[in-house]
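1. Give me a model of this one.
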Amino acid sequence: MLSALRLKTHYILKRKQLLHIFCRRKSVNYSAFVVLCAPRTGSTLLHTCLNSHPNILSCGEILRTTLAQQVGKRLAPISEWIFNARPQSIASLGLKLFYRYEHEKEFREAFREVLVDDTIRVIHLRRLDLRRMYVSLLLAQKTGVWNDMKVAKKQNLLPLHIPVDDFDTFCRDYIQNWYRANKLFEAHEVLHLTYEDLTSRQDEVLMQVQEFLGVKRKKLFSLLRKQNPENLPQLISNHQEITDLFKKKYTPIWSQHHKNKN
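-> Numbering: from 1, shown residues only. The predicted model follows:
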């Protein structure tokens with residue numbers, strides 16, 4: 001089954017690449033979108049699921065990867081090389097837009113382009129369980145593995161001891177960034193999603209995403225699997241201390257805002 005999905009994924013992606021090169025009939029008649037988020041919120045899972053649709057092209061972290069290939073150069077306006085003419089089979093086209101891009105000089109202009117163009121639809125993705133999000137971020141930083149296409153050697157790292165003050169700062173900063181991004185893009189069409197819904201109700205949520213993007217709905221899939229399935233005591237040595245802080249200080253406001261957005 002996995003081999004069949006790999007072949008299907010390869011075929012869909014290769015077909016889109018070849019069409020972009022050889023197709024003469026191109027247009028900009030597609031829905032443009034960004035996945036607005038912070039790292040470790042499920043954006044790569046969503047990106048790979050969207051790319052399993054034959055008429056959606058998700059470019060993922062194309063801003064970062066392109067800049068890495070153009071050392072010493074500035075990124076051209078995204079309207080010239082991302083949101084440009086595409087094969088008519090592409091019904092929706094998008095990329096990831098991290099919160100931090102607003103402040104990083106290499107990406108600031110691209111962030112602003114998206115911000116001022118309110119025809120670009122925004123999938124605002126967040127994670128409710130900030131404990132697991134923080135552990136996922138720390139492990140990715142320590143191992144250099146950001147998705148499950150590579151094997152992360154984390155056995156000797158677990159369980160992690162997390163300083164409470166560090167976690168407190170992380171939670172405060174993340175929630176502030178989410179609120180700010182939410183306010184900045186209020187003029188856009190916005191679909192609010194959570195990592196928890198994406199992983200627990202994947203088919204239903206992906207149908208909702210496709211409807212938001214205005215494409216024909218299909219059953220989507222991803223080859224990615226959860227990177228850190230261990231329970232909290234296995235991940236965090238002082239998990240009770242971290243959980244007490246999270247539940248007392250952040251769960252009430254975070255959960256309430258989640259209810260208001262649904």
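2. which parts of stretch 232-243 are buried?
-> 235-236, 238-239, 242 (16 or more other CB atoms under 10 Å). C-beta coordinates here come from the backbone N, C-alpha and C atoms, glycine included.
3. Report the two of these separated the most.
-> Farthest-apart pair in the buried residues of stretch 232-243 is 235 and 238; separation 10.8 Å (CB to CB).
4. who's in contact with the nearest residue to residue 28 once chain neighbours are set aside?
-> Leaving aside its chain neighbours, residue 28 sits nearest to residue 85 (5.6 Å; criterion: CB to CB, 6 or more residues apart in numbering). By CB atoms under 8 Å, 6 or more residues apart in numbering, residue 85 lies in contact with 26-28.
5. Most neighbours of all those residues, which one?
-> residue 26 (15 neighbours; other CB atoms under 10 Å).
6. separation between residue 193 and residue 206?
-> Using CB to CB, to the nearest Å, residue 193 is found at 10 Å from residue 206.
7. Residue 17 sits in which helix or strand?
-> helix 2-22 (DSSP states H and E).
8. my bad, should have said residue 204
-> Using DSSP H and E, residue 204 falls in helix 202-213.
9. quick one: that helix to chain centroid distance?
-> Offset of helix 202-213 from its chain centre (CA atoms, centre = their mean, to the nearest Å): 15 Å.
10. Could you do stretch 97-104 as well?
-> That offset, for stretch 97-104, works out to 13 Å (CA atoms, centre = their mean).
11. looking at this structure, which helix or strand is least sure?
-> Least confident helix or strand of the chain, by mean pLDDT, DSSP states H and E, is helix 2-22 with a mean of 69.
12. Quick one: mean pLDDT for the very next helix or strand once past it?
-> For helix 2-22, the following helix or strand on the C-terminal side (DSSP H and E) is strand 26-27. Mean pLDDT, strand 26-27: 92.
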